[in-house]
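Student: Build me a model:
(chains A and B)
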Amino acid sequence: MATLEEIKQNREDLQKQVDAIDKVIEELSKPTLPDTLHELMLVAIDDLERAEETNGYKVSMGCWHEPLNGSCHVCFAGSVIAFSLSTGRNEDKAPCDFDCGIEHKLEALDYVRSGLVKDAAEGMGTATTLLSTLPESLEVVDYHQDPVKFKTQMRLIASWLGALGV
Amino acid sequence: MQTLKELEEQKAELEKKIAEAKRLPDKPSELIRVALEDVKKVENTPGYKVNLHEWNEVRRDGLCHVCLGGSVLVQRCGAKNGESPGVLLEQKRIDHETYRKLYALDYFRWGNVKAGLDEMGISSVDLPGQLLVTDYKNGPAAFFHDMENVARVLEARGL
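Tutor: Numbers count the residues shown, from 1 in each chain, chains lettered A, B, ... in the order given. Got it, this is the predicted structure:
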């Protein structure tokens, strides 16, 4: 028959195992984003369209994810914060509120929406050999001037980057 | 001896002058140069870091990261750490015109001249849509040089 000491030890060991499993579950349930820029852009375009269609959101390229005047203002990356990263509408969030991997991906989206393709790819950790094939910048229409054209251009850039393997 | 009414009038006059002095330039080239001065001030202010991705946001490193417009926000508009132009506008601490000038700077920092001018209500005929501006993090000196170039391009057109 086990002694009281043995039972206590057994319980502590079991608790440690449960804690380890909880940690794994927590890691696995964390939202993730694609590792390539072109896939990330496609996710962002989908999220941007969700923001356009969802009550309580306003697309404003100067804000990450900021509740203002009763609606949540989001940029290209902010749309990803809102939907793919499941952030509440009333939460004021910026890339620095996420882990480094996500933070760099959100910043990459901020570069690419301004046409700064090379900086975006660099932020995603794209190989140097591929980076040298990219232009410093592309002329991209501002979202607020022409939202449809902006999304079309983002899709075209994503498709081109996809063909390059970026 | 001055009457209360006279003192109030003087106060109002002084407040008007202060507001005028604080007003951001209407000319985009001047606005950019004012903002560059503020970036330089931020560089020398402990607790701050220039980061073109953030208006005015405290990050993991404990520093308050500010962009080109953010430097103006902090130096001239009285923003405290974490306060964006939207917050200041909402609280009526800046007017809509100042808000739009800050957003124009947010376009100019990437060399997006056309969008920046649109933000200031200036139609941008005969201007390149995009000028190359080095990101500050890739080289502060190159950033200042490129932004001065944007200012010169605008100035040459009387803007």
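Student: Would you mind naming what in chain A lies close to chain B?
Tutor: Contacts of chain A with chain B, taken as CB under 8 Å from any CB of the partner chain, map to A:60, A:62-63, A:66, A:68-69, A:73, A:94-96, A:107, A:110, A:114-116, A:119, A:136-137, A:139-140, A:142, A:144-145. C-beta here means a position set from N, CA and C on the backbone, and glycine is covered the same way.
Student: from these, which would you call buried?
Tutor: Buried residues within the residues of chain A next to chain B, counting neighbours by 16 or more other CB atoms under 10 Å in any protein chain shown: A:60, A:62-63, A:66, A:68, A:73, A:94-96, A:107, A:110, A:114-116, A:119, A:137, A:140, A:142, A:144.
Student: Pull out the buried residues from the helix or strand hosting B:S29.
Tutor: For B:S29, the host element (DSSP states H and E) is helix B:28-43. By neighbour count on 16+ other CB under 10 Å, the buried set for helix B:28-43 is B:P28, B:S29, B:L31, B:I32, B:R33, B:V34, B:A35, B:L36, B:D38, B:V39, B:V42.
Student: Spell out, range by range, the strands that occur in chain A.
Tutor: For chain A, the strands defined by DSSP state E occupy A:57-59, A:65-68, A:71-74.
Student: With mean pLDDT and distance to A:D13 added, can I get these in JSON lines?
Tutor: Shown next, in JSON lines, are those (pLDDT from 0 to 100; distance: least, CB to CB, whole Å):
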{"stretch": "strand A:57-59", "mean pLDDT": "96", "distance to A:D13": "48"}
{"stretch": "strand A:65-68", "mean pLDDT": "93", "distance to A:D13": "43"}
{"stretch": "strand A:71-74", "mean pLDDT": "96", "distance to A:D13": "46"}
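Student: which of these sits most buried?
Tutor: Ranked by mean neighbour count, the strands of chain A are led by strand A:71-74 with a mean of 23 (mean count of other CB atoms under 10 Å in any protein chain shown).
Student: Spell out which parts of chain B neighbour chain A.
Tutor: B:53-55, B:57, B:59-60, B:65, B:84-87, B:90, B:103, B:106-107, B:110-112, B:114-115, B:118, B:129-130, B:132, B:135, B:138.
Student: Name the nearest residue to residue 155, sequence neighbours excluded.
Tutor: Going with chain A. A:I45 (6.3 Å; CB to CB, 6 or more residues apart in numbering or on different chains).
Student: other chain: chain B
Tutor: Excluding the flanking residues, the one nearest B:E155 by CB to CB, 6+ apart is B:S29, at 4.0 Å.
Student: ok, back up a step: so the residue nearest to A:R155 makes contact with A:Q153?
Tutor: No: applying CB atoms under 8 Å, one finds A:I45 not in contact with A:Q153, separated by 10.3 Å.
Student: Helices along the chain, start to end?
Tutor: Looking at chain A here, since you left the chain open. A:4-29, A:37-53, A:76-82, A:100-112, A:117-123, A:128-131, A:147-164 (DSSP state H).
Student: look at chain B instead
Tutor: B:4-22, B:28-43, B:68-75, B:85-90, B:96-108, B:113-119, B:140-156.
Student: what about the residue lying closest to B:D126 once chain neighbours are set aside, how many neighbours?
Tutor: In this structure, B:D126 finds its nearest non-sequential neighbour in B:R157, 7.0 Å apart by CB to CB, 6+ apart. Counted with other CB atoms under 10 Å in any protein chain shown, the neighbours of B:R157 add up to 15.
Student: correct me, but B:R157 touches B:S123?
Tutor: No: judged on CB under 8 Å, B:R157 makes no contact with B:S123 at a distance of 11.6 Å.
Student: what's the distance between the residue nearest to B:D126 and chain A?
Tutor: Look at B:R157 and chain A: by CB to the nearest CB, to the nearest Å, they are 19 Å apart.
Student: Pull the contacting residues for B:G116.
Tutor: B:P28, B:A104, B:L105, B:D106, B:Y107, B:F108 (CB atoms under 8 Å, 6 or more residues apart in numbering or on different chains).
Student: got it, and B:I122?
Tutor: Applying CB under 8 Å, 6+ apart, one finds that B:I122 lies in contact with B:P28, B:L159.
Student: Only the C-alpha atoms, please, for the helix or strand of chain A with the lowest mean pLDDT, written as CSV.
Tutor: Each helix and strand of chain A was given a mean pLDDT (mean pLDDT, DSSP states H and E); the minimum falls on helix A:128-131 at a mean of 80. The C-alpha trace of helix A:128-131 is given here as CSV (Å, rounded to 0.1, in the frame of the first residue of the first chain):
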residue,chain,number,x,y,z
THR,A,128,18.7,37.2,-49.3
THR,A,129,19.1,35.7,-52.8
LEU,A,130,15.3,36.2,-53.4
LEU,A,131,15.4,39.7,-51.9
